[in-house]
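S.K.: Can you look at this prediction? I've put the sequence above it.
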Amino acid sequence: MDLQLRGKRTLVTGSTGGIGLAIAKMLAQESASVAVNGRTANRVNEALAAIRRDVADANLTAMAADLSTAEGVDAVVRVSPDFDILVNNLGIYDAKPFFDISDAERLRFFETNVMSGVRLSRAYLPGMLQRNWGRIVFISPTLLAKRWGSLRSTHPIRPSPTVRPRRRPGRRRP
């Protein structure tokens with residue numbers, strides 16, 4: 001399949017395992033340039049090796065940074081100020097009963113699951129608009145952690161829209 005992503009610069013957050021790693025691998029198979037993100041250099045390097053086992057000629061960049069913090073996002077933006085595709089996959093949860101999750105834990109979930117994507121989108125969307133091309137995707141898996149009779153609780157707080165920058169009036173696609 002050719003998704004016409006050859007040469008597109010992509011960042012996949014939380015891409016050292018699971019869905020994020022699968023997305024990064026698929027983008028590499030489509031000849032996109034892929035920045036692989038995780039909190040530690042060791043995990044990122046393991047993910048790069050896993051992708052290269054399947055896609056020998058992959059164009060990959062290691063992006064070890066904790067994106068749950070503004071400082072981590074700033075560090076990534078300083079190193080790579082421009083991406084064509086941003087996949088906000090980073091997310092955490094704690095499989096505990098609803099009533100056992102403190103406000104501090106919920107704020108940590110919010111900082112990681114929501115604000116990381118907001119900060120990155122705010123950084124990369126202007127360039128996408130200027131180029132009149134870009135994609136921002138929020139991955140939002142749902143976890144059913146506890147059930148009380150007919151009440152169900154899902155713990156992760158995740159936005160889930162896909163943002164496609166619209167053309168500005170009077171501008172032509174390059």
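M.R.: Received it, and whenever you're ready, just let me know what you need. Predicted model only: the values in this text are computed from it and were never measured. Numbers count the residues shown, from 1 in each chain.
S.K.: Spit out the contact partners of residue 74.
M.R.: If a contact means CB atoms under 8 Å, 6 or more residues apart in numbering, then residue 74 has no contacts. (Each C-beta comes from the backbone N, C-alpha and C, glycine too.)
S.K.: what about residue 3, how many residues close to it?
M.R.: Residue 3 has 12 neighbours, counted by other CB atoms under 10 Å.
S.K.: Check residue 20 too.
M.R.: Residue 20 has 23 neighbouring residues, counting by other CB under 10 Å.
S.K.: quick one: contacts of the host helix or strand of it?
M.R.: For residue 20, the enclosing helix or strand under DSSP states H and E is helix 18-29. With CB under 8 Å, 6+ apart as the test, helix 18-29 has contacts from 5, 10, 12-15, 34, 36-37, 47, 50-51, 54-55, 58-60, 85, 87, 89-90, 139, 141.
S.K.: ok, now with 6 Å
M.R.: Residues outside helix 18-29 that contact it (CB atoms under 6 Å, 6 or more residues apart in numbering): 10, 12, 14-15, 34, 36, 47, 51, 54-55, 58, 87, 89.
S.K.: gap between it and the chain center?
M.R.: Centroid displacement of helix 18-29 relative to its chain, using CA atoms, centre = their mean, to the nearest Å, is 11 Å.
S.K.: C-terminal to it, which secondary structure element comes first?
M.R.: Using DSSP H and E, the helix or strand that follows helix 18-29 in sequence is strand 33-38.
S.K.: For that next one, which helices and strands make contact with it?
M.R.: strand 9-12, helix 18-29, helix 41-54, strand 59-64 (3 or more CB pairs under 6 Å, 6 or more residues apart in numbering; DSSP states H and E).
S.K.: Parallel or antiparallel, list what pairs with the first one.
M.R.: Using DSSP bridges, the strands paired with strand 9-12 are strand 33-38 (parallel), strand 85-88 (parallel).
S.K.: buried sites along the helix holding residue 20?
M.R.: Across helix 18-29, burial judged by 16 or more other CB atoms under 10 Å covers 20, 21, 23, 24, 25, 26, 27, 28, 29.
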